[in-house]
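**Student:** Pasting the sequence and the predicted model now:
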Amino acid sequence: MQAADQTGIVIVDLPAGQTQRRTALSIALALLVSAAVAAPFASVQLGHLDAFIPISQTLIFVNDLITSALLISLFAIVRWRAPPQAATAHQKIFCFTLRIT
């Protein structure tokens, strides 16, 4: 943590402001409302889509790749031990995702 003290303010250390709290609450409420709207259609069977698995695996791969890059860049700035360990875990996950597709 000494490296973070030397580099100054890191956005991770800053408390959330009123605008950020309101935004997070509105997003959570929007997700809750969308789940409530979709709940009556839970028993409806959708049509067969052959490309569903490759598309979802691609989205998971891209998500893990971006997350890993952000964690590695966070480590380059702050020098904490946790980000590279989490980045390594994400790299293993997206390598496994490549292997099973």
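**Tutor:** Thanks, I have the structure now. Numbering: from 1, shown residues only.
**Student:** now stretch 23-43: mean pLDDT?
**Tutor:** Regarding stretch 23-43, the rounded mean pLDDT is 95.
**Student:** heads up, I number from 36, so please use that
**Tutor:** In the new numbering, first residue 36, that becomes stretch 58-78.
**Student:** Student question: in the chain, what's the helix or strand with minimum average pLDDT?
**Tutor:** Here the helix or strand of the chain ranked lowest by mean pLDDT, DSSP states H and E is helix 37-42, holding a mean of 49.
**Student:** helix or strand right after that one?
**Tutor:** Remark: after helix 37-42, the chain's next helix or strand is helix 53-73, criterion DSSP states H and E.
**Student:** What's the mean pLDDT across the following helix or strand past that next one?
**Tutor:** Sequence-wise, the next helix or strand downstream of helix 53-73 (DSSP H and E) is helix 87-113. For helix 87-113, mean pLDDT is 80.
**Student:** For helix 87-113, buried residues please.
**Tutor:** Within helix 87-113, the residues scored as buried using 16 or more other CB atoms under 10 Å are Phe96, Asp99, Thr102, Ser103, Leu106, Ile107, Leu109, Phe110, Val113. Backbone N, C-alpha and C define where each C-beta goes, glycine included.
**Student:** how far away is the third one from Arg56?
**Tutor:** If I follow you right, that is Thr102. 24 Å (CB to CB, to the nearest Å).
**Student:** and what of the last one?
**Tutor:** Using CB to CB, one gets 24 Å for the distance from Val113 to Arg56.
**Student:** before we move on, what about the second one?
**Tutor:** Computed with CB to CB, the distance linking Asp99 and Arg56 is 28 Å.
**Student:** what residues are up against Gly52?
**Tutor:** With contacts defined as CB atoms under 8 Å, 6 or more residues apart in numbering, Gly52 is in contact with no residue.
**Student:** which phi and psi does it have?
**Tutor:** Per-residue torsions, Gly52: phi -90, psi 180 (degrees, to the nearest 10).
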